[in-house]
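Participant: based on what follows, work out the 3D shape:
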Amino acid sequence: MDDAAQGEVTRGAAAVLVVPEWHGQGLSRDLDARVAEAKGLALAIGLDVVAVHPLRLRQTRAATLIGAGQIEAIKPGIAENAAQLVIVDAALTAIQQRNLETEFGAKVIDRTGLILEIFGERAATAEGRLQVELAHLDYQAGRLVRSWTHLERQRGGFGFLGGPGETQIEADRRMIRNRMARIRRQLDDARRTRQLQRAKRQRAPWPVIALVGYTNAGKSTFFNRLTGSDVMAEDMLFATLDPTMREIRLPGIDKAILSDTVGFVSDLPTELVAAFRATLEEVTTADLIVHVRDIVHPDTDAQYADVRAILDSLGVNEAGGGEGDGEDRARPIAQIEIWNKIDTADPERRAEIEAMAARRPDVAPISAATGEGVEAARVLMAAELTARHELLRVRLRFDQGEAMAWLHARGEVLADEPQGDGHLLTVRLDPADRARFERLWGA
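Facilitator: Next up is the predicted model:
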């Protein structure tokens, strides 16, 4: 491998993008949208995409993924633009990566590596940085030892971009395993802390709402619109990584907790799903999941399927799911859809979207950027939180003020009758909240 392939890649570096498409794959995803998303991923870490090569593959090559003729067609663009990096929007084996680096004379990364780099740059909390490092170590474990001997030197950062942070991962399996074991122990501690925090929130009388969606669907803009916060919300993939929680008020609900989560993406690296599971567990214990969709995106249906697949893997669409949440749900978590960015649709497409939404009681079309439809979305969220409420009659003593406050805040107290040394309350309450109340104070 020549020196070009070994050189440091920094922000602003010229990159060539290769987007392979297998026969039949285009039926589910728009190729132009795939190219735009891949360019967005590169832009998210400050790379300059100087050439794009969409490729149609009839079969893959074990040694290089793409064919020899396609490799030759890509080489001139690398040389003409002095590109330091080639991004292949697909999963590469270590051998394919090494062989392509030899062919191109430039650094090569695949889709997984690129997403890991973005997460590594965006992680703001100690836990987020540990999660990213664990995922990166898992990804590199086989590559460093067998085929990436040119990475044995020390370097700032644990990815291909230089910068402050961890030193370059040593080419030694034992050291990697030991480091991964230490990180897992730290993340286990963080997970236990989260479980304690969730237990406190369950004792507190407020429902929890989790925003989920494909990256760049507008979750953070919607979050800011609802909360009046200034969470980072840019037209950029993975603008939000570490989860953020704020209080909000909804019609008929004095207080709820709204959580903005990391955006999902197609082919999200399994290493990241595993590493971020403790963070994603926030979704599994929510009272309501709000799926924010970019309804105007050409791949909106495929993006919806990607998000649903990840939610399925977390068990939120099943009764009794929610790893580590300490309770057995009687039914899947309630979910609604927010169809965002209607302000960017042309009149014909907008009329079509509004007609489809009118037939769906669980959908609110909005523009988080302009505020249009947001009030209707708030009403829908409140209605969904209270839709399954049932009547509960419970007797509380005068000294059970905390339980009384919990019921007033979490449910709707329809009657409060003094009786002996306490109260006889008639409360409209969600079944899950009823189970929480009975677990906390009995009934």
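
Participant: helix or strand with the lowest mean pLDDT in the chain?
Facilitator: Sorting the helices and strands of the chain by mean pLDDT, DSSP states H and E puts helix 3-6 at the bottom, at a mean of 45.

Participant: which stretches of the stretch 51-200 of the chain form strands?
Facilitator: Here the stretch 51-200 of the chain has its strands, by DSSP state E, counting those that start in this stretch, at 85-88, 107-110.

Participant: any chance of a markdown table for those, columns distance to Glu390, mean neighbour count and mean pLDDT?
Facilitator: For glycine as for every other residue, the C-beta is placed from the backbone atoms N, C-alpha and C. Shown next, in a markdown table, are those (distance: least, CB to CB, whole Å; neighbours: other CB atoms under 10 Å; pLDDT from 0 to 100):
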| stretch | distance to Glu390 | mean neighbour count | mean pLDDT |
| --- | --- | --- | --- |
| strand 85-88 | 53 | 26 | 96 |
| strand 107-110 | 51 | 24 | 94 |
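
Participant: tell me which of those strands lies nearest to Ile338.
Facilitator: Taking CB to CB, strand 85-88 is the member of the strands of the stretch 51-200 of the chain nearest to Ile338, at 31.4 Å.

Participant: contact partners for Glu412?
Facilitator: Taking CB atoms under 8 Å, 6 or more residues apart in numbering as the criterion, Glu412 is in contact with 252, 386, 389, 427-429.

Participant: buried subset of the residues you listed?
Facilitator: Applying 16 or more other CB atoms under 10 Å to the contacts of Glu412, the neighbour count classes 386, 389, 427, 429 as buried.

Participant: without its sequence neighbours, what residue ends up closest to the first one?
Facilitator: The shortest distance from Thr386 to any residue that is not its chain neighbour, by CB to CB, 6 or more residues apart in numbering, is 6.8 Å, and that residue is Gly252.

Participant: look up phi and psi at that neighbour.
Facilitator: In terms of degrees, to the nearest 10, the main-chain angles of Gly252 are phi 80, psi 0.

Participant: didn't it look like it was pressed against Glu384?
Facilitator: No: Gly252 sits out of contact with Glu384 when judged by CB atoms under 8 Å, with a separation of 11.9 Å.

Participant: what helix or strand is the nearest residue to Asp362 once chain neighbours are set aside located in?
Facilitator: Nearest non-adjacent residue to Asp362, counting by CB to CB, 6+ apart: Ile336, 4.7 Å away. Secondary structure assignment for Ile336, by DSSP states H and E: strand 334-340.

Participant: who are the packing partners of that strand?
Facilitator: helix 219-227, strand 288-294, strand 363-365, helix 374-386 (3 or more CB pairs under 8 Å, 6 or more residues apart in numbering; DSSP states H and E).

Participant: could the ones you listed be laid out in TSV, adding distance to Leu196 and mean pLDDT?
Facilitator: Shown next, in TSV, are those (distance: least, CB to CB, whole Å; pLDDT from 0 to 100):
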stretch	distance to Leu196	mean pLDDT
helix 219-227	24	91
strand 288-294	22	96
strand 363-365	34	98
helix 374-386	24	94
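
Participant: returning to that earlier point: and the contacts of Glu412, which is closest to Leu268?
Facilitator: Of all the contacts of Glu412, Thr386 has the smallest distance to Leu268: 33.1 Å, by CB to CB.

Participant: if I pick that closest one, what's in contact with it?
Facilitator: Per CB under 8 Å, 6+ apart, neighbours of Thr386: 252-253, 412, 428, 430.

Participant: check Asp433 too.
Facilitator: Asp433 makes contacts with 207, 410-411, as judged by CB under 8 Å, 6+ apart.

Participant: in this structure Ile87 contacts Thr112, no?
Facilitator: No: taking contacts as CB under 8 Å, Ile87 lies outside contact range of Thr112: 11.2 Å.

Participant: which neighbouring elements make contact with the lengthiest helix in the chain?
Facilitator: Once the chain is assigned using DSSP state H, the helix that runs over the most residues is helix 173-203. Applying 3+ CB pairs under 8 Å, 6+ apart, we find helix 173-203 packed against helix 126-146, helix 277-284, helix 431-441.

Participant: and the last one, what's its mean pLDDT?
Facilitator: Same thing as helix 431-441. On average, the pLDDT along helix 431-441 is 82.

Participant: what's the offset of it from the middle of its chain?
Facilitator: With CA atoms, centre = their mean, to the nearest Å as the basis, helix 431-441 stands 30 Å off its chain's centre.

Participant: tell me what angle it forms with helix 173-203.
Facilitator: Going by axes from the mean of the first three to the mean of the last three CA atoms, to 10 degrees, helix 431-441 is angled at 90 degrees with respect to helix 173-203.

Participant: tell me the buried residues in helix 431-441?
Facilitator: Residues of helix 431-441 classed as buried: 432-437, 441 (neighbour count, 16+ other CB under 10 Å).

Participant: could you list everything Gly213 pairs with in the sheet?
Facilitator: Gly213 forms beta bridges with Val292, as assigned by DSSP bridges.
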